[in-house]
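A.B. asks: Return a 3D structure for these sequence lines:
(2 chains)
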There are 2 protein chains.
Amino acid sequence: MNGAESLVRTLVEGGVDVCFTNPGTSEMHFCAALDRVDGMRCVLGLFEGVVTGAADGYGRMMDSPAATLLHTGPGLGNGVANLHNAKKAKTPIVNIVGEHATYHIAHEAPLTADIEAIAWPVSDWVKTSKDAASVAVDGAQAIAEARKAPGRIASLILPADTAWNEAEGVATMPDVPPPASATEGQVRDCADALRSGEPVMILVGHRALRSDALEIAGRIAAKTGAEMRTEFAAARSERGAGRVTPERIPYVVDQALAVTSEIRHMILVGCKTPVAFFAYPGKPSVLIPDTCQPHLLAAADEDVMGALEWLADEVGAGDAEPVREELSRPDLQSGKLTIDTIAAAIGHLLPEGCIISDEAITSGRMLHPFTKGCPPHDWLFGTGGSIGRALPEATGAAVACPDRKVLCISGDGSAMYTIQALWTQARENLDVVTVIYNNRTYAILHGELRNVGANPGPKAHDMFDLDRPNLDWVQMANGMGVEAVRVETAEDFNRALQAAFAGSGPFLIEAMV
Amino acid sequence: MNGAESLVRTLVEGGVDVCFTNPGTSEMHFCAALDRVDGMRCVLGLFEGVVTGAADGYGRMMDSPAATLLHTGPGLGNGVANLHNAKKAKTPIVNIVGEHATYHIAHEAPLTADIEAIAWPVSDWVKTSKDAASVAVDGAQAIAEARKAPGRIASLILPADTAWNEAEGVATMPDVPPPASATEGQVRDCADALRSGEPVMILVGHRALRSDALEIAGRIAAKTGAEMRTEFAAARSERGAGRVTPERIPYVVDQALAVTSEIRHMILVGCKTPVAFFAYPGKPSVLIPDTCQPHLLAAADEDVMGALEWLADEVGAGDAEPVREELSRPDLQSGKLTIDTIAAAIGHLLPEGCIISDEAITSGRMLHPFTKGCPPHDWLFGTGGSIGRALPEATGAAVACPDRKVLCISGDGSAMYTIQALWTQARENLDVVTVIYNNRTYAILHGELRNVGANPGPKAHDMFDLDRPNLDWVQMANGMGVEAVRVETAEDFNRALQAAFAGSGPFLIEAMV
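C.D. replies: As a prediction, this is how the structure comes out:
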């Protein structure tokens, strides 16, 4: 067996059995090996941002890495933005990046690039295999690195001759160390804060946003009277009726500061002290007042569940009853189509177990209150701030969870970055309903212009408007094989969403707002 | 004036008066400054690969840099692939990359990334401005760096507070050093080879592909009996009737070796010893035999014109008559639409002064012989091997040369990477005719599978086929505001291309081959 086949077999045996691909010449032997190895599902993307974004969505849902297959430095480069998001989401991913044959690199052929340098800013581990015999061992190590808590990006660079030369077979997986436990000092410090009698907020993030962890945090909050909030940029929140579903720290700096102004202690569970997405002139970066003391219970890469259980014991919250969300759905609306009538429709119709990939930057902020009483669902949000995430992420989530409905909500500006994801959804017949808020503008940037105190004129505004010409999402979706409909009233949106949820396969709704 | 305005004014005074943009929050003050400064044309792209590819096309045609405006690390990341191509093309570009405010970076907000690390692999110069007072000076230096021969990528990173804080005004441009001259030793060595009586090939690249340089090289060839060829991956070739229009070194390794097998001396003018695009098992990387001696007349960053004139004097080629291409066009074909009938139509109809952006990877290889006798035109080709180049590059070339027709020819696979460029063409009403070879496959990869000796089965082939579903280019183009037509016969293609060349504004022809 050659190096490529030894790697594919090692990936499958290591539990990495989905590969999102956009291959080129350097990856031919990897592709050829797919026909000799059972158990690897390959999903083609027509742009690398689709590939890496899908791997992010898959990993968020599975807590286990997918592989990507990318073509040399520029192919990896096209995947950088969504790997940035994935790294900030702490998603496990194994990138396989093809490279020239080892002896060809020095010749500075057109595609020669410093692949390791491109990989490092968006990876936690990077290695170039030196020969065919090393490929399987390196692959096993990459899987182990990706599986380190809470999830990491491992990038393995595979020179073409290491793929085509003879190798020695499958490598066994190294042990993955368990996450570090919280120390007694950390737990005691948090318990003392909770018993201080001063206002406390428990801020939960990452692993602490799963329902089992929220349940324990909710018991602690119920017992101690602490407020609970989630981090704003949350990779995956399990929420909805019957679950503990705290609100987010707001995005807007002044709103966030209003929420934390009275807080004297912030217990951090799986997250850091909250900071502003962007800096604004005259406004602070840190979203808690100087009078608030942060207390780290467990960092995202530590044993968050263990720390929560320990703290619950410490404060005697074992049998406290947390505040769980009650089942409630908003009513359907009629008349003019607005972001509120869309939010109402989504809240009214959201299927149980739905996975929401949310990149409706401005239009989507209203969705959380409208959906918190819906049946249990998962909410995926932008962790790295790079747009062009939701369509690919929804694609990967649908590959991961074929029995669940995926709802992708995106602004028109965001969706254009990685619109090629629609084709992959059609090819794989994935159960993704995409709602495009077509407001013909980068709406957030009009707001940000004001926030940063810039004084814009018509030329500046022209850089944020997507009219001239208007985008036609129905035509673009149809062109990639996805059924689509344009709606201009609340009633039409309600009908379209209901039909989309009742059907199967990809469907796109262009909402004219 | 704030830092952003001092930069915009410095750019305009430094001759950088076109900016391809995809801005975000960090770039707001730069955008706002556009309304206070005359003379900067801003062109919006809906994806950063469009922005950087357009800057490449602009710079290739103008020999002078455009600016790009990109949003933090991920925005730059999305532009990496086409910056890779531009760097290999030695295109001058000034990248302006927004960054968090200096004091915000340490807080590890979602968009925080190591921007310099992302920039370096695709830049020749990288700097982060430290304060508002430095921005203009840094901007002037970036322009000077980009203008260094033959053309370089300069990336200036602009923290938001350096843009919004008060600055001191416009900076003056530092001097740009002229390119180094060839040495007497280099010229004598080449002259001796040309007079050796052994078979000599003059290989021309980069600046030596302009008609004035080709004319001199052609005189040298005529005087000495040397053969002439151009490098394969040529950034911009001036060719056509009345010009010296040598053939390329072939892409396919065996074909290239056949062309060089008898050559004993290769004179390199503005290029390096030719190497294979990819390595293949059992085949060499270097495309000249061991018995061939390379002789560097002038590297791409040296004074190529001066060196050619010197060498022409040295061998007494002053009044030799070069072989110039005669005016001749192929006849229009009829019947089934094939890559040959398309090549004939392009050759028959190509307007004088046309700029061809060529990314028809497999389908386009036939085009060179069909067009060499057309009236003078410019041919832009892939220098870095990263696909998704032609649509953006054509966009930038059309911005640079509004009085010339641009013909963009692309495979369907390649065009999908940066399809968003069509929207910019519609918005700016650019005179670009795009021909998509819709063969529903990554055709080159089927060939490469054989070349690397892989033995593919159905799963491997599935990774290279773009059917299931078929892409509909007419719908996708219409969805972005570009008129389009699908053609299935040679006659229909001929009619469509004639109408497209006669019209103005963007137009797309989907050629079903």
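A.B. asks: Show residues contacting the helix or strand hosting A:Met266.
C.D. replies: In this assignment (DSSP states H and E), A:Met266 forms part of strand A:265-269. The set of residues external to strand A:265-269 that reach it, using Cβ atoms under 8 Å, 6 or more residues apart in numbering or on different chains, is A:190, A:193-194, A:196, A:198-205, A:208, A:213, A:217, A:226, A:260, A:273, A:288, A:292-299, A:304, A:307-308, A:311. C-betas here are computed from N, CA, C, even on glycine.
A.B. asks: Any buried residues in it, and which?
C.D. replies: By neighbour count, with 16 or more other Cβ atoms under 10 Å in any protein chain shown as the criterion, the buried positions of strand A:265-269 are A:His265, A:Met266, A:Ile267, A:Leu268, A:Val269.
A.B. asks: just stretch A:200-215 next, same as before
C.D. replies: Of the residues in stretch A:200-215, those scored as buried under the neighbour-count criterion (16+ other Cβ under 10 Å) are A:200-211, A:213-215.
A.B. asks: can you give me the offset of that stretch from its chain's centre?
C.D. replies: The offset between the C-alpha centroid of stretch A:200-215 and the centroid of the whole chain comes to 17 Å, using Cα atoms, centre = their mean, to the nearest Å.
A.B. asks: Can you dump the C-alpha atoms of stretch A:343-363 in PDB for me?
C.D. replies: What follows is stretch A:343-363 as a C-alpha-only set of coordinates in PDB (Å, rounded to 0.1, in the frame of the first residue of the first chain):
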ATOM      1  CA  ALA A 343     -38.500  35.600  13.600                       C
ATOM      2  CA  ALA A 344     -42.100  34.800  14.500                       C
ATOM      3  CA  ALA A 345     -42.400  32.300  11.700                       C
ATOM      4  CA  ILE A 346     -39.200  30.600  12.600                       C
ATOM      5  CA  GLY A 347     -40.300  30.500  16.300                       C
ATOM      6  CA  HIS A 348     -43.700  29.200  15.300                       C
ATOM      7  CA  LEU A 349     -42.500  26.500  13.000                       C
ATOM      8  CA  LEU A 350     -39.000  25.400  14.200                       C
ATOM      9  CA  PRO A 351     -38.900  21.600  14.200                       C
ATOM     10  CA  GLU A 352     -37.700  19.700  17.300                       C
ATOM     11  CA  GLY A 353     -34.000  18.900  17.000                       C
ATOM     12  CA  CYS A 354     -33.400  21.500  14.400                       C
ATOM     13  CA  ILE A 355     -29.800  22.800  14.000                       C
ATOM     14  CA  ILE A 356     -29.700  26.500  13.300                       C
ATOM     15  CA  SER A 357     -26.700  28.000  11.600                       C
ATOM     16  CA  ASP A 358     -27.000  31.700  12.200                       C
ATOM     17  CA  GLU A 359     -25.200  34.300  10.200                       C
ATOM     18  CA  ALA A 360     -28.000  36.800   9.900                       C
ATOM     19  CA  ILE A 361     -25.800  39.400  11.400                       C
ATOM     20  CA  THR A 362     -28.200  42.300  11.900                       C
ATOM     21  CA  SER A 363     -31.500  40.600  10.900                       C
END
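A.B. asks: could you pull out the helices for the stretch 301-450 of chain A?
C.D. replies: Secondary structure of the stretch 301-450 of chain A, counting by DSSP state H, counting those that start in this stretch: helices at A:304-314, A:339-349, A:367-371, A:390-400, A:412-416, A:421-427, A:443-451.
A.B. asks: Identify, out of these, the most deeply packed stretch.
C.D. replies: helix A:390-400 (a mean of 31; mean count of other Cβ atoms under 10 Å in any protein chain shown).
A.B. asks: Quickly check: that helix near chain B or not.
C.D. replies: No - looking at helix A:390-400 against chain B by Cβ under 8 Å from any Cβ of the partner chain, there are no contacts, and the closest approach is 12.6 Å.
A.B. asks: Let me see the contact set for the nearest residue to A:Leu257 once chain neighbours are set aside.
C.D. replies: With Cβ to Cβ, 6 or more residues apart in numbering or on different chains as the criterion, A:Leu257 has its nearest non-adjacent residue at 6.3 Å, and that residue is A:Leu287. The contact partners of A:Leu287, by Cβ under 8 Å, 6+ apart, come to A:Ile249, A:Val253, A:Ala256, A:Leu257, A:Thr260, A:Thr273, A:Pro274, A:Val275, A:Ala276.
A.B. asks: what would the helices of the stretch 301-450 of chain A look like in JSON lines with mean pLDDT?
C.D. replies: Rendered in JSON lines, the data for the helices of the stretch 301-450 of chain A read as follows (pLDDT from 0 to 100):
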{"stretch": "helix A:304-314", "mean pLDDT": "98"}
{"stretch": "helix A:339-349", "mean pLDDT": "96"}
{"stretch": "helix A:367-371", "mean pLDDT": "94"}
{"stretch": "helix A:390-400", "mean pLDDT": "98"}
{"stretch": "helix A:412-416", "mean pLDDT": "95"}
{"stretch": "helix A:421-427", "mean pLDDT": "98"}
{"stretch": "helix A:443-451", "mean pLDDT": "79"}
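A.B. asks: shaky segments in the stretch 401-513 of chain A?
C.D. replies: For the stretch 401-513 of chain A, no stretch is flagged by pLDDT under 70.
A.B. asks: for the stretch 101-250 of chain A, same thing?
C.D. replies: For the stretch 101-250 of chain A, counting by pLDDT under 70, not a single residue falls below.
A.B. asks: Would you map the strands across it?
C.D. replies: Along the stretch 101-250 of chain A, the stretches classed as strands by DSSP state E, counting those that start in this stretch are A:125-128, A:153-159, A:200-204, A:227-230, A:237-239, A:247-248.
A.B. asks: out of the ones you listed, nearest to chain B?
C.D. replies: Closest to chain B of the strands of the stretch 101-250 of chain A is strand A:153-159 (Cβ to the nearest Cβ; 9.0 Å).
A.B. asks: so what's A:Ala235 up against?
C.D. replies: Residues A:Arg60, A:Ala89, A:Lys90, A:Thr91, A:His206, A:Leu209, A:Leu380, A:Phe381, A:Thr383 are the ones in contact with A:Ala235 under the rule Cβ under 8 Å, 6+ apart.
A.B. asks: Just the pLDDT at the residue nearest to A:Leu257, thanks.
C.D. replies: The predicted structure scores A:Leu287 at 97 on the pLDDT scale.
A.B. asks: From the contacts of A:Leu287, pick the one nearest chain B.
C.D. replies: Minimum distance to chain B across these is 4.1 Å, recorded for A:Val275 (Cβ to the nearest Cβ).
A.B. asks: Quick one: residues contacting the residue in the stretch 151-300 of chain A that chain B sits nearest to.
C.D. replies: The shortest separation between the stretch 151-300 of chain A and chain B is 3.7 Å, found at A:Ala279 (distances taken as Cβ to the nearest Cβ). By Cβ under 8 Å, 6+ apart, the contact list for A:Ala279 reads A:Ser285, B:His100, B:Ala101, B:Tyr103, B:His104, B:Ala160, B:Asp161.
A.B. asks: can you list the domains in chain A?
C.D. replies: As given by automatic domain parsing, the domain ranges for chain A are A:3-164, A:184-314, A:339-512.
A.B. asks: Let's see which of the contacts of A:Ala235 end up in strands.
C.D. replies: A:Leu380 (DSSP state E).
A.B. asks: and chain B, which of the contacts of A:Ala235 contact it?
C.D. replies: When the contacts of A:Ala235 are filtered against chain B using Cβ under 8 Å from any Cβ, the residues retained are A:Thr383.
A.B. asks: Return the member of the contacts of A:Ala235 nearest to chain B.
C.D. replies: Set against chain B, the nearest of those by Cβ to the nearest Cβ is A:Thr383 (6.0 Å).
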